[in-house]
Structures are given as structure tokens and as C-alpha cells.
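*Asks:* sequence? don't have it. structure:
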Ligand SMILES: Cc1cc2nc3c(=O)[nH]c(=O)nc-3n(C[C@H](O)[C@H](O)[C@H](O)COP(=O)(O)OP(=O)(O)OC[C@H]3O[C@@H](n4cnc5c(N)ncnc54)[C@H](O)[C@@H]3O)c2cc1C
């Protein structure tokens with residue numbers, strides 16, 4: 001079971017029974033996908049015995065909860081694949097992408113594709129490299145990230161049998177064919193990867209766990225895997241009290257302020273007129289400041 005965007009720009013989730021059909025679900029969807037909606041009805045209609053589910057870590061976590069309480073799921077073998085995900089995006093992200101790409105509202109966006117890291121392109125419009133700063137500035141700043149993403153502690157999809165991400169490492173920067181980083185989180189996951197490699201269906205090259213973390217920017221991983229309560233209360237607007245080290249609170253305050261500033265740059269459309277060089281400097285500064293304040297507690301050994 002996996003999701004795709006149809007020509008009318010709707011997100012569709014389907015259970016496919018033919019391998020070829022799954023091909024149409026290729027590509028990241030940087031939108032809010034309701035993967036599990038109506039799943040029970042789909043299962044009842046299909047009488048399936050085995051299911052492969054591809055989704056974000058939060059989808060797979062939700063699926064595991066359903067599995068624990070729903071009879072339809074319990075008698076079925078379920079294999080799960082999660083994408084690495086530090087954040088998804090609201091529709092505003094796509095709206096500004098269409099403005100930058102000079103496309104009509106509601107046209108479908110192909111967020112990735114054409115090699116690695118690939119290009120972002122829109123039906124009937126322009127395309128830009130995926131990491132073009134006029135759009136990619138929205139990533140390190142968490143601009144247009146739904147608040148529930150700040151209540152996540154599983155950016156690497158450890159909840160799934162296999163998780164997959166981008167190999168954001170210097171040594172792969174010239175690699176254009178679109179290889180992905182795989183992590184086998186369970187013995188079932190490892191078995192599947194080994195079987196596919198043994199059958200020559202995929203080419204596998206071992207990578208260290210440390211490099212896998214580095215590829216995902218370790219400061220962001222630390223930020224997302226710790227102090228859930230402080231984040232949920234401060235950034236998701238949930239009620240409650242929390243205790244967190246002052247360094248972590250400083251990071252949260254900075255994320256909140258910077259997010260608002262960058263969103264303001266897009267909403268006022270000022271971002272279109274700012275020279276790319278300045279945006280690049282701002283993007284670098286965002287990562288640098290984030291790393292410094294997020295890692296400050298780590299270095300002094302004080303982060304709770
Ligand atoms: C919201 C989001 C955030 C991401 N964050 C990171 C990150 O922080 N670090 C990183 O390394 N990689 C991240 N990725 C993953 C990366 O973009 C690639 O999708 C991943 O490397 C798999 O690429 P692929 O070419 O192997 O898979 P593809 O062939 O592109 O297949 C992708 C599969 O994922 C499914 N899918 C795509 N988007 C969604 C979605 N929003 N919800 C549910 N299912 C979906 C599709 O249906 C398809 O089955 C993110 C992806 C998304 C969608």
C-alpha cells in the first residue's frame with residue numbers, strides 16, 4: 001500500500017496487487033498524506049493475507065497502533081517501510097513552490113525526480129534543482145512544517161522494518177543515479193534486503209551507522225529525538241508543563257522565531273526579490289546557528 005498524486009493533484013492511497021502498478025507511486029510527496037484513512041474498509045474489501053505498507057514514520061507508528069487493536073490487521077502479515085522524515089510540509093509550501101516555478105494554482109508538483117537529488121518541477125511550469133535555495137530555504141527553517149511534526153521522535157523511521165532516506169553525504173554528491181540509504185531495523189527487514197541483494201534485484205553497498213546519522217544532520221536528529229514534552233508544549237501548542245535544559249529551550253525559541261521570519265519572507269513574497277547569494281548565506285547561517293545552539297548542551301554534557 002502506498003500513495004501518489006494523480007493528475008488532478010489529489011493524493012491517492014491504494015493497495016496494489018501488481019508490482020508494476022507500484023511504480024506510479026515513485027517520488028516524495030511533500031504534503032500531508034492521510035495514508036491510513038479508510039484502510040479498514042480497503043482491507044475488508046480485499047481479503048489480503050500479506051501487506052507491504054510504505055509511509056512516513058508517523059504513518060507506520062499509527063499502523064502499529066491499529067494492528068494492536070483491530071482484528072483485520074492481526075491475522076495479516078504486514079511489512080513496513082518508512083521514509084526518513086524530519087518534517088513534512090503544509091499546502092503553503094507547495095503554493096510558494098508554484099509561485100517560484102511560475103505555475104498555475106493547484107497544478108501537480110513533482111517534488112523529486114530526474115536523478116539525485118533531482119529537480120522539483122510542476123505540470124505546465126518550470127523546474128529547478130531540488131536544492132535551489134529559493135525553495136530549499138523552507139527546510140532548515142521548518143517553514144510551513146505542520147506543528148505535529150514537532151511531536152515526532154522518530155525521524156529515521158525506526159518503527160518500520162526498513163527505513164529509507166537520502167544519502168546526504170559528500171562522497172555521494174556526484175552520484176546522480178538516485179541511490180538511497182537503507183536501514184534494516186528488524187531481522188525481517190534485513191532478510192528482505194539480503195534476499196533482494198542475493199537475487200541481484202538491488203545493488204547494496206554497506207554504510208556505517210555513524211555516516212547514516214551524519215547524512216541526516218546530527219543536530220536535527222538530536223533536536224527531534226529528545227525533550228518531546230518541551231517541544232510538544234512549545235511548538236505544537238499542547239497544554240502541559242515540562243522540564244528542559246535552558247540550551248534546549250533556547251533552541252526551541254530560536255526555531256520558533258526563525259520559522260516565523262522565513263514564513264513571513266514567503267508570505268510577503270519578498271523572497272522572490274532577494275538575491276540567491278543572500279538567501280544562501282541565510283540558509284547556511286540557519287544551519288550553523290541551529291547546530292551551535294542545539295549542540296551547546298551536548299558539549300557541556302548538560303542536555304537532559
Ligand atoms: C515528507 C518527507 C520528508 C522526508 N524527509 C527526509 C529526510 O529528512 N531525510 C532524508 O534523507 N529523506 C527524507 N525523505 C525521503 C526522501 O525524500 C526519499 O523519499 C527517500 O529517500 C526514498 O526515495 P526513493 O527514490 O527510494 O523512493 P521513491 O521511489 O521515491 O518512493 C517513495 C515512496 O514513498 C511514498 N511516499 C512519498 N511521500 C510520501 C508521504 N508524504 N507520505 C506517505 N508516503 C509517501 C510513495 O508512495 C512511494 O511509495 C522525506 C520524504 C518525505 C515524503
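*Replies:* Alright, I've got the coordinates. None of these values were measured; they are calculated from a predicted model. Residues are numbered from 1 along each chain as shown.
*Asks:* Can you show me the helices along the stretch 101-250 of the chain?
*Replies:* Counting by DSSP state H, counting those that start in this stretch, the stretch 101-250 of the chain has helices at residues 133-136, 187-198, 209-215, 218-225, 228-235, 246-267.
*Asks:* Help me confirm that residue 51 is found in a strand?
*Replies:* Yes: with DSSP: H, G, I helix; E, B strand; the rest coil as the criterion, residue 51 is part of a strand.
*Asks:* Hmm, it is touching residue 81, no?
*Replies:* No: using C-beta atoms under 8 Å, residue 51 makes no contact with residue 81, being 11.4 Å away. The C-beta positions use only the backbone N, C-alpha and C, and glycine is treated the same way.
*Asks:* re the thing from before, and the helices of the stretch 101-250 of the chain: which comes nearest the ligand?
*Replies:* With distances scored as C-beta to the nearest ligand atom, the stretch of these nearest to the ligand is helix 209-215 (6.7 Å).
*Asks:* Just give the number of residues close to the residue in the chain that the ligand sits nearest to.
*Replies:* Nearest to the ligand, among the residues of the chain, is residue 165, at 3.0 Å (C-beta to the nearest ligand atom). Using other C-beta atoms under 10 Å, residue 165 has 20 neighbouring residues.
*Asks:* And it, how close does it get to residue 22?
*Replies:* Using C-beta to C-beta, to the nearest Å, we find residue 165 at a distance of 19 Å from residue 22.
*Asks:* ok, now residue 269?
*Replies:* 39 Å.
*Asks:* can you map out the strands along this protein?
*Replies:* Along the chain, counting by DSSP state E, strands occupy 2-5, 11-14, 50-55, 77-83, 109-110, 119-122, 127-129, 162-165, 181-184.
*Asks:* Kindly reformat the ones you listed as TSV containing mean pLDDT.
*Replies:* Shown next, in TSV, are these (pLDDT from 0 to 100):
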stretch	mean pLDDT
strand 2-5	97
strand 11-14	96
strand 50-55	96
strand 77-83	97
strand 109-110	96
strand 119-122	94
strand 127-129	95
strand 162-165	97
strand 181-184	95
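*Asks:* mind putting the helices of the stretch 101-250 of the chain in a markdown table, distance to residue 7, mean neighbour count and mean pLDDT included?
*Replies:* Formatted as a markdown table, the helices of the stretch 101-250 of the chain follow (distance: least, C-beta to C-beta, whole Å; neighbours: other C-beta atoms under 10 Å; pLDDT from 0 to 100):
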| stretch | distance to residue 7 | mean neighbour count | mean pLDDT |
| --- | --- | --- | --- |
| helix 133-136 | 23 | 19 | 96 |
| helix 187-198 | 31 | 14 | 97 |
| helix 209-215 | 34 | 14 | 92 |
| helix 218-225 | 34 | 19 | 92 |
| helix 228-235 | 36 | 19 | 88 |
| helix 246-267 | 27 | 17 | 92 |
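*Asks:* Just send the ones you listed back as a markdown table, with distance to residue 173 too.
*Replies:* Shown next, in a markdown table, are these (distance: least, C-beta to C-beta, whole Å):
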| stretch | distance to residue 173 |
| --- | --- |
| helix 133-136 | 15 |
| helix 187-198 | 24 |
| helix 209-215 | 11 |
| helix 218-225 | 18 |
| helix 228-235 | 31 |
| helix 246-267 | 25 |
